[in-house]
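>>> Test case, fold it:
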Amino acid sequence: MPVSAPSPALVLDNGTGCLKIGFAGEALPLHTLSTCVGQVRDRQNQGMLLYGDDVLLSSNYFGLRPSSSASSAPSPLFTDLEMLRDLWEILFSHKRYMNLSEAQLTDHGVIVTEPFLAPPGVRQALSEVLFEDFQFKQVLFVPAQQAVPFAFLSGPIAEERDEDFLGNWGTERDARESLGLDALPGVHTPAKKVRKQVFAPDAVRWYRGSRGASAEGETHASAGPSEREDGDAREAEESPREAGLVGKKKRPGETLQDAGGRPATSELRRRKSDRDEGSKRTGTKPASLASLSTLPSGASACPDNVFKVKLCGLVVDIGFSGSMVVPYMDLQPIERAALRTSVGGNLLTTVLKNLCGFRSLNLERNELLVQRMKETNCFVSRDFDRQLERARQEAASGGATCIERSHLFKEVVLPEYGPGASNAAILSFFKSPPSEESLSVASAPSLAASGTEAKDASLSSAAASGAGTAKEERQTVRLCTERISVPEVLFHPPDVGSSECGIVELVQRSIALLPRALQPFACDQILLVGGSSQFPGLRQRLWKELRAVLPEHWPVNIYTEVEPQFSVWRGASCSYADRALFDLNAVTREQFNEAGTAHCRPNAKHAGGDVSFY
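Predicted coordinates for the structure are as follows:
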């Protein structure tokens, strides 16, 4: 009798702002569910709880979340397990989502993400719900930030240059003057004297000693020049050992392979990078997950490939409840340098909600509407003070209250609620992708002087929008400087009375806690993920701020995916795509019944290695 194949494991990204679920080995989750639970305020249905799309169709509700109480802001930990269980039940069993029966759940295993360094008590409580209430066959907890590098190393990923990097400043000269640099990322200048930064021998011994390697005397050369040089000058300085497959250039008619031996195809998932000097000059690609797992632990190829395939870096996770920075070495997080701040998407939504209230429009009881306005209309300014002054001058030129003349002005038409309202129209407001017009200012030269044509276009657009609003009698919100001042809180939280530090200072502090020899390699690969990292211009602004405060000879590279809100889910999915690896590390229902929650601990035996750094 043939044995049936085991059911694929479910992957549940337990984000505090949004839950994502799908099957292990897939590139994207199948369904997402907001953690916002709406408690109706109407007298007829007072106390009724709304979930999912039903919350979007209501305009008057109390926003409840399982990660926050009535008197506190959302935290990275779930405190209301009953509400979380209801959300899980909808996600697992409702016909809109996974639509799995109780019998089907007993045949599945589940991979659950949790915040890095989460207390064991929360993990034990979640494991009881998963095993006792849903009867899962296997459960595996994975730290969210530890899974992120696997989303970038799970296969060959095509390099994508920022074509609009210069466009945001106008010309190369304007950009260099604004940034205070001699050259720009991705822009070649005449060849200069090449300098190499040599990896400290003691750091090599420290790393190789943890891996059990015998060789200790070699040093590793890492690309870290302070000036830009062209590819020919770089290749002339390379040693024969470095000119292998990883540094091999593609020739006509030849298929270039990555370090794992997988051919680079044209059908690749793309990512963005601000500056990757090594891969631009040598064509380096990160190794695939399969190639990393097949390397012998004592082979000499392991130390040589660590920094070539970028297994050392920094995860910057800007989520709903806060921001967290976690350095990693050999795909293992370094706990002593992990830092967190409570500045995240929830704080930004609250700031925008308060600013809208000052304009005599109370959106206090429609949290998701304000969150959608923030996601589709706000962006990060390259030079906040300069752009704010420009907006003030434009408004003053047309009168004390003529904000329509500002290049930042935008009138947002709100969906129409009440009797006779179309549910499809309301849902389209929340789920339709943002139009190009809503982010046109973010992609335009924000620091260049505006001409009369831009002002006339702004006025005509505002007049047309006003005419349409008057005709349809639709409620609108007029946004201007709020579009850049709200995301600016990520860099300067004291502007809204917070005592937390910004993300730039958070990255600085985390790097300072690392061993000195590893610090340049941490900023060489910064992985920017999280739902609140989707603001246009955030990556370029973060690179600019870090480039100004870090040593000049340190390389600063920031990578992000097209959909960074799914990076944690994708990392967990790719890291345990192999069913055998999942079965090896997961806790079974039998083990839970015998030993209780003692087995439910975060797993650290990823394919990248089993060495933890404290």
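
>>> Mind listing residues that contact stretch 488-498?
318, 323, 341-343, 347-348, 351, 380-381, 384, 485, 499-504, 532, 538, 541, 545 (C-beta atoms under 8 Å, 6 or more residues apart in numbering). Quick note: C-beta positions are derived from backbone N, CA and C, even for glycine.

>>> Show me what counts as buried in that stretch.
Neighbour counts over stretch 488-498 (16 or more other C-beta atoms under 10 Å) mark 488, 489, 490, 491, 492, 493, 496, 498 as buried.

>>> And for stretch 116-130?
Under the neighbour-count criterion of 16+ other C-beta under 10 Å, stretch 116-130 has 116, 118, 122, 123, 125, 126, 127, 129, 130 buried.

>>> Roughly how far does the first one sit from residue 556?
Spelled out, that is residue 116. Relative to residue 556, residue 116 is positioned 23 Å away (C-beta to C-beta, to the nearest Å).

>>> for the fourth one, same thing?
Residue 123 sits at a distance of 35 Å from residue 556 (criterion: C-beta to C-beta).

>>> got it, and the third one?
Note on residue 122: its distance to residue 556, by C-beta to C-beta, is 35 Å.

>>> Of the buried residues of stretch 488-498, which belong to strands?
Using DSSP state E to define strands, no part of those is located there.

>>> Among these, which one lies nearest to residue 573?
Nearest to residue 573 among these: residue 490, at 27.6 Å, using C-beta to C-beta.

>>> Which pLDDT value goes with that closest one?
Note on residue 490: pLDDT of 96.

>>> and what of residue 25?
Reported pLDDT for residue 25: 89.

>>> repeat for the one 3 residues further on
Looking at residue 28, its pLDDT reads 91.

>>> three-state assignment of it?
coil (DSSP: H, G, I helix; E, B strand; the rest coil).

>>> Ok, residue 122 next?
Of the three states, residue 122 takes helix according to three-state DSSP.

>>> Contact partners for it?
77, 78, 114.

>>> From the buried residues of stretch 116-130, pick the one nearest residue 44.
Lowest distance from residue 44 to the buried residues of stretch 116-130 (C-beta to C-beta) belongs to residue 129, with 32.7 Å.

>>> how near is the closest one to residue 50?
Taking C-beta to C-beta, one finds residue 129 at 22 Å from residue 50.

>>> what about the strands in the stretch 251-400 of the chain?
271-273, 312-318, 323-329, 332-333, 339-341 (DSSP state E, counting those that start in this stretch).

>>> what's the average pLDDT for the fourth one?
Averaged across strand 332-333, pLDDT comes to 92.

>>> So for residue 34, which of the strands of the stretch 251-400 of the chain sits nearest?
With distances scored as C-beta to C-beta, the stretch of these nearest to residue 34 is strand 312-318 (17.7 Å).

>>> low-scoring stretches of the stretch 401-550 of the chain, by residue?
Low-confidence segments of the stretch 401-550 of the chain (pLDDT under 70): 401-405, 435-473.

>>> Check the chain too.
For the chain (pLDDT under 70), the answer is 1-5, 69-74, 154-310, 360, 397-405, 435-473, 596-614.

>>> Which residue ranges make up each domain of it?
10-144+568-599, 153-193+228-343+492-563, 345-486 (automatic domain parsing).

>>> Residue 587: which of the buried residues of stretch 488-498 is nearest?
Closest to residue 587, out of all of the buried residues of stretch 488-498 and judged by C-beta to C-beta, is residue 490, at 37.1 Å.

>>> Could you report the separation of that closest one from residue 45?
37 Å.

>>> Next: residue 523.
In terms of C-beta to C-beta, residue 523 sits 53 Å off from residue 45.

>>> same thing with residue 504?
46 Å.
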